[in-house]
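[1] have a look at this prediction, sequence included:
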Amino acid sequence: MAASLQNTDWQGRYFHIDQVLDRPGPRTDPSFLAGDGVKDFLRNQAKILVIGAGGLGCEILANLALTGFKDIHVIDMDTIDLSNLNRQFLFRPKDVGKPKATVAAEFIMKRVPGVTVTPYFGKIQDKDDDYYMQFNLVICGLDSVEARRWINATLVNLVDPENPESLKPLIDGGTEGFKGQARVILPTITSCYECSLDMLNKPTAFPICTIANTPRLPEHCIEWASVLEWPRVQGGQFSTSLHLDSSPMHVIDKKLDTDDSEHIGWLFQVAAARAKEFNIEGVTWSLTQGVVKNIIPAIASTNAIIAAACCNEAFKIATSSAAYLNNYFMLIGTDGVYSYTFEHERRDDCPVCGGESLELIISSELTVEQLIEMLVEKQDIQIKKPSLSTSTTQIYLQAPPQLEEATRPNLTKKVSELIPNEGEVTVTASTLPFSLSLRIMYND
């Protein structure tokens, strides 16, 4: 196998990489063993998983292949859209509609001989622990917080203190317009993704009074169309079937689907008319779609920089040829180009890698329903559709339907009626492979 791979290596292919691997340097890790051994591991033994084959993932795959990694796996659940072609450079117009992972893998293997890229078209949740155990490290190029939280918790749960091979370094990259970040996570050793959840930016929210009465921006008009006009017009759409007394037979409540082009078109037309009324320019189809779906424009150069940072860390970890990042790199390109690194510390009350309960101070008058809303909105928790229970009581369960119906009456009860002061409640969600332990404290 190694010999057949070697035959595909053209002369001088690794000339520059070998300058790093043939001899130690001043920043070399003490465990680094220069020479053929480390080169053989990189090119013939290391197995790496890339999660995401979008704008960031395409760049990561190309960099890894050209750096010398020859056994790469890639997971992505999306198909190629026409709008992807301006920044996801492994795709062509003929690929529209095909799975990103499959097309990206084929392109890399054709472009870089000797590299094997194994694609999987599906969700990361489809794979079990044994699948993730086979890799030496994992790189994320995701645009989903939920997916990041899931793989982070999964890799932390994989760690067995008696088996060093169970620790899988996670390199996480992300971009947001001209800003980006790359970080190295050593599960159970450094801070994990969940530890830094409170660093995430909250989605921009506009005051209702502004969008209803004094719009000044095109975004205000689009929010007005989606938040106020859609429920008013579409939520009150009557059917054509009438009773004899001409009263409507039933009301059709049409839910806004942000992936439906007809719905986006309706919002665009209504927002454009609103903008014209207030002499506001700039309402476009793409902006309308971006506002209602909370889409942040992707910048190809930002993807390239963050992908390079991620792959640089992967190379350093795989070869021990230099000290790896400790543990957070930030890129700010909004005004010039500025970057910095810092060490993000672990949280003792992190539900994934910490061991302590998170203390939550609330009013004794707070209802269970209000507590659930707080858990959804709280910056360092952010759990969608949380279920609550104690060691003796099921307070509220989101699923299955029978249990949801049985526990629904508790929503209107005060939390203090069900949980004593300094009592603990367990919070779970079907989308996350971990539970959160809360210690409830009353402030009155």
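    Yes, it's here.
[2] which helix in this protein runs the most residues?
    Counting residues, the longest helix found in the chain (DSSP state H) is helix 300-319.
[3] can you show me the CA trace of that helix as CSV?
    Taking Å, rounded to 0.1, in the frame of the first residue of the first chain, the C-alpha atoms of helix 300-319 are listed here in CSV:
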residue,chain,number,x,y,z
ALA,A,300,-13.5,33.5,0.4
SER,A,301,-10.3,35.1,1.7
THR,A,302,-11.5,34.7,5.3
ASN,A,303,-12.2,31.0,4.7
ALA,A,304,-8.7,30.6,3.2
ILE,A,305,-7.0,32.2,6.2
ILE,A,306,-8.9,30.2,8.8
ALA,A,307,-8.6,26.9,6.8
ALA,A,308,-4.8,27.5,6.7
ALA,A,309,-4.7,28.1,10.4
CYS,A,310,-6.7,24.9,11.1
CYS,A,311,-4.5,22.8,8.8
ASN,A,312,-1.3,24.3,10.3
GLU,A,313,-2.5,23.1,13.7
ALA,A,314,-3.3,19.6,12.3
PHE,A,315,0.2,19.3,10.8
LYS,A,316,1.8,20.4,14.1
ILE,A,317,-0.3,18.0,16.2
ALA,A,318,0.3,15.1,13.8
THR,A,319,4.0,15.5,13.5
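[4] tilt between the helix or strand following it and helix 300-319?
    Elements were assigned by DSSP states H and E; along the chain past helix 300-319, the next helix or strand is strand 328-332. Counting by axes from the mean of the first three to the mean of the last three CA atoms, to 10 degrees, strand 328-332 lies at 160 degrees to helix 300-319.
[5] so what touches strand 328-332?
    Identification of contacts with strand 328-332 by CB atoms under 8 Å, 6 or more residues apart in numbering yields 178-183, 196, 302, 305-306, 309, 337-344. In short, each C-beta sits where N, CA and C put it, glycine included.
[6] strand partners of that strand, parallel vs antiparallel please.
    Strand partners for strand 328-332, identified by DSSP bridges, are recorded as strand 179-185 (antiparallel), strand 338-342 (antiparallel).
[7] could you dump these into JSON lines with mean pLDDT, mean neighbour count and distance to Gly355 added?
    JSON lines is the format used below for those (pLDDT from 0 to 100; neighbours: other CB atoms under 10 Å; distance: least, CB to CB, whole Å):
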{"stretch": "strand 179-185", "mean pLDDT": "94", "mean neighbour count": "23", "distance to Gly355": "18"}
{"stretch": "strand 338-342", "mean pLDDT": "93", "mean neighbour count": "11", "distance to Gly355": "24"}
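[8] pLDDT weak spots in this structure?
    In the predicted model, the chain carries pLDDT under 70 at residues 1-7, 201-205, 207, 235-253, 295.
[9] what's the residue closest to the geometric middle of it?
    For the chain, Ser144 is the residue whose C-alpha lies nearest the centre (CA atoms, centre = their mean; 2.4 Å).
[10] list the contacts of that residue.
    Ser144 makes no contacts at all, as judged by CB under 8 Å, 6+ apart.
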